[in-house]
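**Student:** Below are the sequence and a predicted model; questions follow.
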Amino acid sequence: MPSKKRAGNKKSKQSNFAKLSIFQPNKYKFKKSCPLSIKGAPEVDYKNIRLLKKYMSENGKILPSRITNVSQKKQRELSLSIKRARNLALI
């Protein structure tokens with residue numbers, strides 16, 4: 001009999017996480033600036049291997065912009081430069 005009471009209590013008690021909805025707007029989200037678009041940032045080039053390695057995983061895959069906070073335009077330049085460096089066997 002006590003096991004039924006416990007099951008009933010679980011339904012009535014909900015954590016704060018369970019009350020949150022996927023469709024609620026996130027109040028704490030803020031926009032990060034692109035590290036390659038700020039003043040004094042290095043130029044994206046296939047010869048700049050140190051810069052390219054920062055935006056690659058250990059396996060050699062290109063990291064997505066949602067992780068690196070790179071703008072869409074710079075992400076395209078990065079991916080093109082990384083592919084060129086791979087083709088020339090610089091990486």
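**Tutor:** Arrived safely. The structure displayed is predicted, hence computed values, not measured ones.
**Student:** contacts and neighbour counts: CA atoms only from here.
**Tutor:** OK.
**Student:** Run through who's touching the longest helix seen in the chain.
**Tutor:** The longest helix of the chain (DSSP state H) is helix 72-87. Contacts with helix 72-87, where a contact means CA atoms under 8 Å, 6 or more residues apart in numbering, come from Leu36, Ser37, Val44, Asp45, Tyr46, Lys47, Ile49, Leu52, Tyr55, Ile62, Ser65, Ile91.
**Student:** Any idea how many residues pack against the second one?
**Tutor:** Counted with other CA atoms under 10 Å, the burial measure for Ser37 works out to 14 neighbours.
**Student:** same thing with the third one?
**Tutor:** Using other CA under 10 Å, Val44 has 19 neighbouring residues.
**Student:** Which pLDDT does the model give it?
**Tutor:** In this prediction, Val44 carries a pLDDT score of 95.
**Student:** again, but for the first one
**Tutor:** On the pLDDT scale, Leu36 is placed at 93.
**Student:** check contacts around it.
**Tutor:** Applying CA under 8 Å, 6+ apart, the residues near Leu36 are Pro42, Glu43, Val70, Lys74.
**Student:** Same question for the last one.
**Tutor:** Listed by CA under 8 Å, 6+ apart, the contact partners of Ile91 are Ile49, Ala85.
**Student:** ok, now the second one?
**Tutor:** Ser37 sits next to Ser71, Lys74 when contact means CA under 8 Å, 6+ apart.
**Student:** Phi and psi next, for it.
**Tutor:** phi -100, psi -10 (degrees, to the nearest 10).
**Student:** Can you tell me the number of residues neighbouring Ile38?
**Tutor:** Neighbour tally, Ile38, other CA under 10 Å: 9.
**Student:** oh, I was asking about Ile82
**Tutor:** Ile82: 28 surrounding residues under other CA under 10 Å.
**Student:** picking that back up, I'd like the contacts of Leu36 laid out as CSV, including neighbour count, secondary structure and distance to Asn87.
**Tutor:** What follows is the contacts of Leu36, written out as CSV (neighbours: other CA atoms under 10 Å; DSSP: H, G, I helix; E, B strand; the rest coil; distance: CA to CA, whole Å):
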residue, neighbour count, secondary structure, distance to Asn87
Pro42, 12, coil, 22
Glu43, 13, coil, 20
Val70, 21, coil, 23
Lys74, 17, helix, 20
